[in-house]
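Visitor: Give the three-dimensional model of this entry:
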Amino acid sequence: MLKVEKIDTCYGQSQALFGVSLSVGESEVVTLMGRNGMGKSTTISSITGLTPVRAGRITFCGRQIQTAPSYRIGRMGIGLVPEGRQIFPNLTVYENIMATAANHTGRKRAYTLDDVLVLFPRLKERLSHFGNQLSGGEQQMLAIARALMINPRLLILDEATEGLAPLIRKEIWESLATLKEAGMSILIVDKNIKSLMPLAQRHYIMEKGRIVWSGTTEKLAAEPELQTRYLGV
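Guide: Sure thing, here's the model as predicted:
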């Protein structure tokens with residue numbers, strides 16, 4: 001579904017990504033891990049058209065998208081849950097959810113308000129609250145609900161549970177497991193390896209703008225020293 005091939009990305013004269021390659025298949029959950037400042041968010045920004053790619057190729061559902069504007073990439077079916085959530089603080093929960101409602105990909109069973117409220121029942125109690133009146137966990141649930149309302153073929157989460165309380169993190173992981181069971185393709189950036197390993201089939205690890213390891217959950221579980229080297233604090 002998504003294929004990133006040897007992309008370089010720069011901020012001015014400073015190069016942030018060096019030949020990054022990764023892929024996400026149909027109905028597959030894939031992670032992108034690494035310590036802070038290693039290029040994970042830049043990779044996500046490059047995929048979603050928010051940061052220009054200087055070299056390489058990005059293909060989504062058979063179409064090259066590395067030069068496409070971000071709004072077109074969204075309409076093609078990539079839903080982004082950005083780092084920091086970035087919900088609209090002066091809109092209500094209902095308005096935040098419905099603001100992105102569309103079905104550009106022609107999904108036969110499109111996501112509705114009721115669908116996302118079943119996934120996140122906390123939001124049902126907050127529909128009339130403004131975005132800035134929500135807790136951090138509720139804002140993250142809202143950001144995921146908003147991304148689902150574009151009916152994406154691929155859902156990307158940048159720092160899926162960063163800064164959230166353990167109970168809220170558990171709810172987020174459970175919701176992603178539900179989406180996985182429904183066949184959603186998902187790319188997740190997060191640091192919580194214990195929660196990621198049972199959810200995802202494959203993993204990529206970044207260091208200093210490069211992919212330094214990739215493999216299955218079974219391979220990652222069998223290499224605890226690798227986890228310590230690249231993911232330990």
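Visitor: From here on, just use CA atoms for contacts and neighbour counts.
Guide: Fine.
Visitor: ranges for the helices of this structure?
Guide: For the chain, the helices defined by DSSP state H cover 40-47, 70-76, 93-98, 113-119, 121-124, 136-148, 166-181, 193-199, 217-221, 224-231.
Visitor: In TSV, list those helices along with distance to residue 28 and mean pLDDT.
Guide: Shown next, in TSV, are those (distance: least, Cα to Cα, whole Å; pLDDT from 0 to 100):
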stretch	distance to residue 28	mean pLDDT
helix 40-47	17	97
helix 70-76	18	95
helix 93-98	25	96
helix 113-119	20	95
helix 121-124	25	95
helix 136-148	16	95
helix 166-181	8	94
helix 193-199	10	92
helix 217-221	12	94
helix 224-231	22	89
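Visitor: quick one: stretch 199-216 to chain centroid distance?
Guide: Distance of stretch 199-216 from its chain centroid, counting by Cα atoms, centre = their mean, to the nearest Å, is 15 Å.
Visitor: can you check stretch 120-131 too?
Guide: In terms of Cα atoms, centre = their mean, the centre of stretch 120-131 is set 22 Å apart from its chain centre.
Visitor: same check, this time on stretch 48-63
Guide: Distance of stretch 48-63 from its chain centroid, counting by Cα atoms, centre = their mean, is 16 Å.
Visitor: Kindly report the same for stretch 89-109.
Guide: Averaged C-alpha coordinates place stretch 89-109 at 17 Å from its chain's average position (Cα atoms, centre = their mean).
Visitor: distance between the ends of that stretch?
Guide: 29 Å (Cα to Cα, to the nearest Å).
Visitor: nearest to residue 207, of the helices of the chain?
Guide: With distances scored as Cα to Cα, the stretch of the helices of the chain nearest to residue 207 is helix 224-231 (7.3 Å).
Visitor: List the buried residues for the closest one?
Guide: Going by neighbour count (16 or more other Cα atoms under 10 Å), the buried part of helix 224-231 is 227, 230, 231.
Visitor: is it possible to export those residues to a markdown table including distance to residue 57?
Guide: Shown next, in a markdown table, are the buried residues of helix 224-231 (distance: Cα to Cα, whole Å):
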| residue | distance to residue 57 |
| --- | --- |
| 227 | 29 |
| 230 | 26 |
| 231 | 27 |
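Visitor: Export the helices of the chain as CSV, with columns for distance to residue 158.
Guide: Listed next are the helices of the chain as CSV, based on distance: least, Cα to Cα, whole Å:
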stretch, distance to residue 158
helix 40-47, 7
helix 70-76, 15
helix 93-98, 19
helix 113-119, 19
helix 121-124, 21
helix 136-148, 11
helix 166-181, 13
helix 193-199, 13
helix 217-221, 20
helix 224-231, 16
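Visitor: Nearest approach to residue 55 belongs to which of the ones you listed?
Guide: With respect to residue 55, and counting by Cα to Cα, the nearest of the helices of the chain is helix 40-47 at 10.9 Å.
Visitor: How about residues contacting that closest one?
Guide: Residues from elsewhere that reach helix 40-47 (Cα atoms under 8 Å, 6 or more residues apart in numbering): 4, 9, 16-17, 20, 32-34, 51-53, 58, 65-66, 83, 156, 158, 189, 206, 209.
Visitor: Sitting in strands, which of these do you find?
Guide: 4, 9, 16-17, 20, 32-33, 53, 58, 156, 158, 189, 206 (DSSP state E).
Visitor: Give the single residue among the residues you listed positioned nearest to residue 177.
Guide: Minimum distance to residue 177 across those is 14.1 Å, recorded for residue 156 (Cα to Cα).
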